[in-house]
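Colleague: Sequence first, predicted coordinates after that:
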Amino acid sequence: MPLTFETDKAALWPQWAAFRDALRRLDWSACHAVLDVAAAPDRTRLISYGAEERVPEDFLRGLVRQNPGDPAAFALLGRFLITTGWNIRTAARAQHVSKEQWRAFYHWLNLAEQVLIEGAARHPSDPAVWTARLLSARGISLGLDEETRRYARLAQIDEHHLPAQVQHLQQLLPKWSGTFEAAHAFARERMLAAPPGAPQGVLVAEAHIEHAMELSGGEQRQYLEHALPDLRAAAERSVLHPAFVAGDYTADLALGDFAAIFRRFGDREFTARVFGVMGRRAALDPWDMYFDGGSTALHAARIWAGEK
Amino acid sequence: MRQVEVDGVPAMIGAGAGPMHAGLVFRVGQADETLARRGVTHLVEHLALHSFGVADHHYNGTTTPEFTYFHTQGTAEEIAVFLTGVCASLRDLPMHRLEVEKELLRTEYGGRQSGLADSMALWRYGARDFGLTAYPEFGLPAIGPEELRAWVATYFTRGNAALWIAADEIPPGLRLDLPDGPRRPVPRPSSALPRTPAWFRGSAGSVVWDAVVPRAAASGVFTGVLERALMRSLRQEQGLSYSVNTDYDPRTDGSALITAAADALPEKRGAVLGGFVDGLAALRYGRVDEKDVATVIGHRCDELTQAEERGGRLPGQALNLVSGRPIETLDEIVAGIRAVTPDALTEVAAEAWSTGLLMTPAGRSADWTGLAPAPTGSHAAVQGHTHRSLETPAARLIVGEEGVSVVEDTDVATVRFDTIAAMLAWPDGGRLLIGADGISVRVEPTLYAGSAAAIPAIDARVHPAARVYQRPRDPQSIPVPEKRAATPATSSPGRIIALVLGIPAALGLLILDLIVVVAVASGEETAILIVLLLICLGATAGAGFLVRWGVQGLRGPRTG
């Protein structure tokens, strides 16, 4: 197992590099050249990452105006407005968000909704548009029922659309408006519906880590112990399954998710097994999600996993 | 079908396949009334029919926002006797029946199911013209013989009438002896909405939306296509709604009101709202299902053809005659409907969206849709003497030269004397003032310190024509203050605050932004009043009520 990693998203994922560079040049046809050949979940992720680039809003608005027949333009503008709002809100728990932050957050998310209402109306079969609508629905508290309606619409288009499944799982958690039972049930059901070796096992892993993070002390230790066999089984069905295909960014994300979550569970054996599949490729997003300082946590986890 | 004239009244006649029927229609309805004389047309209708008692043949009278008609089904002789008799009664209303008929109307109102469309009218138009259907017949206590005669002389005239007869010949002996008078134009619809599209928070479980569009074949087809699209997405595909209804209501001014409603289980309200908004968006952005269009066009043409055969198109033609609209043949209408294209529906959908008014299910906002919130209170309070609430510390009543206001925190409800629609007055001093915009203020001397002394000043400033004196209330129903701790208006459940536009705080469904002061009272007249004020509440019973418009061609008919 190597001790150093390639963590640059652009190096790990040439499509992202091409899309990002095209977007920075405001070259929409070059953006399209990438999006048009990307697999559906990759396309949704490209758009979501792209929305974090500092692209002028006017440019994106212009795209939508000039190309109402282009669903990617709606998805990107919608995601961009959502990201703008969420950056103001920050990821803090609700009680730590100021009144002004909330006001701005709602303002931007409402704008996003209005773009996405049109986007979904014109392009009802676009998974990136519907994935964005899951985020905005959750952000402005349209309710579990409305978010679920949207997820159901999306699932009719692509029942294994992982970027949307990850969003829907969040809504199903108690911190938004669901229950752990509902979250675990959804994660398990979607994992089993996907073929063995598919990345959907991360849903089970994420439901467990979210559950564990709501607990503390003895309760948390107890939970980690109780959930570990299930977590291991999920890994065996996805990233540790012989049918799992490593080497692309979707795989990197799933592997990173499992590695980081096994590390949080203190499961040295399975953390090491996942690192074994990762090789030198490491997506940082999962480490940033579950640790302060993702890169440091990644390297520390690798060393920890290699210790006998 | 051909046009003739009977005693100077234009008439459409033509034999149908079904039983012989006929009707006499006048261009007057609720929209012509004022809130303080609300019910006068219906009262005339009742009095005019009184002499027929329990006739063997079927007859009826109907009052709608724009029209009042008397219709019957029977032999030529029965029809002649009925319509001749109606005209004779209108010439000489049986005033000895006045009080009894008023009682009957109150009973009829108490027994009717209030439709969700009623509260839409209130929010769209206010307490005037086309908004008046939202209110009970408030004016009944104030209407006397002189007023009735004047109303008849103005509206129930030869020049303001039309006739239809589903027969080849005019029944022998038919005489329409009506006073002369000109055709009366329909009032222009007011607006209580500074901006459209708009939304307001409902208190029922349903989503209701209405929109004003041109009266045209494409608008009618759009309504049918919308119903199919919503039915498919909300009911068949996702099981969110049980009933989805739409209604297309053409008006004489060349516009039409489209209404659509969908009910929702309590745990599905957000999803029904979301699906509804998406359904409207799909149509206006060009996702019109061509099969739906073909189906709706086919149905409408079939219905019209069958109606033509039965003589069912005659009443509509009589309405056109009395409102000066062109008479179209079946072929012309069918050709117009068949020419409707999906693109034309997209245009209607876009126009409908721009004029639309959306009522959300209870507890749901529609901010995120981009619609403008409909006003739920007044911009400013009047200057004047302040009376503090004996119940809610933050609330106060202000009585000034220009009007009255109730203020609680940032919520303001003002009724100005120069735009007041009606003031209901009880002998104990209680007053309900309702402004033309639908905002109302209730003044209960028992609930505001020192306000009893202000009542004479209020009375003096309200135009006599706007006053409606009520019978004494049951003493137990006169409100008494319930002392409560200072709580934000959002959570105060009690008697004092916060209802505008007819949404009741009193029953705990407190819609924050809405302000009208309500003190719950009961007793005969106030029971009616409460029914109205609680109009949105009445709608909670939901699904069944939605059907109310769908069936009949005329919206909100009150039969009597």
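Modeller: Thanks, I have it.

Colleague: What's the separation between B:Trp368 and A:Glu113?
Modeller: Distance check for B:Trp368 against A:Glu113: by C-beta to C-beta, to the nearest Å, it reads 4 Å. C-beta: built from backbone N, CA, C; applies to glycine.

Colleague: do the same with A:Phe59
Modeller: Here A:Phe59 is placed at a distance of 21 Å from A:Glu113 (C-beta to C-beta).

Colleague: The two - which one has more neighbours?
Modeller: A:Glu113 (26 against 14; other C-beta atoms under 10 Å in any protein chain shown).

Colleague: Which of the helices or strands spans that one?
Modeller: Assigned by DSSP states H and E, A:Glu113 belongs to helix A:99-122.

Colleague: could you say what helices and strands that helix packs with?
Modeller: helix A:57-66, helix A:71-89, helix A:127-139, helix B:269-284 (3 or more C-beta pairs under 8 Å, 6 or more residues apart in numbering or on different chains; DSSP states H and E).

Colleague: if we go to 7 Å?
Modeller: Counting contacts by 3 or more C-beta pairs under 7 Å, 6 or more residues apart in numbering or on different chains; DSSP states H and E, helix A:99-122 packs against helix A:71-89, helix A:127-139, helix B:269-284.

Colleague: residues from the stretch 201-350 of chain B in reach of chain A?
Modeller: Within reach of chain A by C-beta under 7 Å from any C-beta of the partner chain, the stretch 201-350 of chain B has these residues: B:238, B:267-268, B:270-271, B:274-275, B:277-278, B:281-282, B:285, B:287.

Colleague: So which of these is surrounded by the most neighbours?
Modeller: Highest count within those by other C-beta under 10 Å belongs to B:Gly274, 30 neighbours.

Colleague: ok, it to A:Arg149 distance?
Modeller: Counting by C-beta to C-beta, the gap from B:Gly274 to A:Arg149 is 6 Å.

Colleague: Kindly report the same for B:Asn320.
Modeller: 43 Å.

Colleague: which of those two has more neighbours?
Modeller: Using other C-beta under 10 Å, the more surrounded residue of B:Asn320 and A:Arg149 is A:Arg149, with 27 against 18.

Colleague: So for whichever strand or helix holds that one, mean pLDDT?
Modeller: Here A:Arg149, judged by DSSP H and E, is contained in helix A:144-157. Averaging pLDDT along helix A:144-157 gives 97.

Colleague: ok, A:Gln114 touching B:Asp367?
Modeller: No: between A:Gln114 and B:Asp367 no contact is recorded; they are 10.4 Å apart, counting by C-beta atoms under 7 Å.

Colleague: Pick out whichever of the two has more residues nearby.
Modeller: When A:Gln114 and B:Asp367 are compared for neighbours, A:Gln114 comes out ahead with 18 against 15, by other C-beta under 10 Å.

Colleague: so how far is B:Leu433 from the more buried one?
Modeller: Distance check for A:Gln114 against B:Leu433: by C-beta to C-beta, it reads 38 Å.

Colleague: cool, B:Val6 as well?
Modeller: 46 Å.

Colleague: which of these two has more neighbours?
Modeller: B:Leu433 (27 against 19).

Colleague: Wait, a helix at that one?
Modeller: No: applying DSSP: H, G, I helix; E, B strand; the rest coil, one finds B:Leu433 to be strand, outside a helix.

Colleague: Bridged to it, which residues?
Modeller: On the basis of DSSP bridges, B:Leu433 is bridged to B:Met423, B:Val441.

Colleague: tell me the pLDDT at it?
Modeller: 97.

Colleague: which residues sit in contact with it?
Modeller: Each residue near B:Leu433 by C-beta atoms under 7 Å, 6 or more residues apart in numbering or on different chains is listed here: B:404, B:415, B:420, B:423, B:440-441, B:443.
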